[in-house]
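> Quick one, structure for this:
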Amino acid sequence: MDKEQHEGRQHYKRETIVKAQHTPGPWAFSKLTSHGYVVYAGNAGTNTGIALTTENYSSKRNATNARLIAAAPELLASLQRIVNGIPEEVIDTHIRNLLDGAEAAITKAVGAPPGETP
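Numbers count the residues shown, from 1 in each chain. Got it, this is the predicted structure:
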């Protein structure tokens with residue numbers, strides 16, 4: 001990804017945000033144990049395991065964590081569409097600050113740009 005300066009802040013050019021290399025969504029989740037959930041891609045029974053939420057949390061917290069993890073591909077895709085869909089001419093300081101946070105979240109999700117460390 002190319003970097004550019006904007007109002008003294010470094011950020012990635014929105015049109016060069018790379019496509020994530022994660023297991024394609026949609027992801028779903030289901031109860032695994034009395035205190036755990038499994039997040040998977042594909043249909044139940046013919047799926048690819050993504051994550052387990054089996055810490056010593058309440059069942060409600062595990063379900064909430066699993067729901068958030070399962071939503072990750074759609075959240076990432078939506079955030080990328082928002083970032084890429086804002087015309088440059090409407091970006092003021094406030095929107096730039098919001099975009100900086102969004103771009104940082106996208107970079108966290110997809111990894112550092114080639115040649116850089118996260």
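> Now do the same for the residue lying closest to residue 29 once chain neighbours are set aside: its pLDDT.
Nearest residue to residue 29, sequence neighbours excluded (Cβ to Cβ, 6 or more residues apart in numbering): residue 66, at 3.9 Å. Backbone N, C-alpha and C define where each C-beta goes, glycine included. Note for residue 66: predicted pLDDT of 91.
> With residue 107 instead?
On the pLDDT scale, residue 107 gets 88.
> can you count the residues close to it?
Neighbours of residue 107 under the rule other Cβ atoms under 10 Å: 18.
> Point out the other helices and strands that the helix or strand hosting it packs with.
Assigning secondary structure by DSSP states H and E places residue 107 in helix 93-110. Judged by 3 or more Cβ pairs under 8 Å, 6 or more residues apart in numbering; DSSP states H and E, helix 93-110 is in contact with strand 9-12, helix 59-85.
> picking up where we left off before, wait, the residue nearest to residue 29 sits on residue 53?
Yes. Using Cβ atoms under 8 Å as the test, residue 66 is close enough to residue 53 to be in contact (4.7 Å).
> secondary structure class for residue 22?
For residue 22, the secondary structure call by DSSP: H, G, I helix; E, B strand; the rest coil comes out as coil.
> what sits against it?
Counting by Cβ atoms under 8 Å, 6 or more residues apart in numbering, residue 22 touches 72, 73, 76, 109, 110.
> List buried residues within those.
Among the contacts of residue 22, those scoring as buried are 72, 73, 76, 110 (criterion: 16 or more other Cβ atoms under 10 Å).
> With pLDDT and distance to residue 28 as added columns, please give those in TSV.
Listed next are the buried ones among the contacts of residue 22 as TSV, based on pLDDT from 0 to 100; distance: Cβ to Cβ, whole Å:
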residue	pLDDT	distance to residue 28
72	92	12
73	92	11
76	92	16
110	87	22
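> Nearest to residue 47 among the residues you listed?
Closest to residue 47 out of the buried ones among the contacts of residue 22 is residue 73 (14.0 Å), distances taken as Cβ to Cβ.
> circling back to that earlier point, around the residue nearest to residue 29, how many other residues sit close by?
26.
> How about the contacts made by it?
29, 37, 38, 39, 51, 53.
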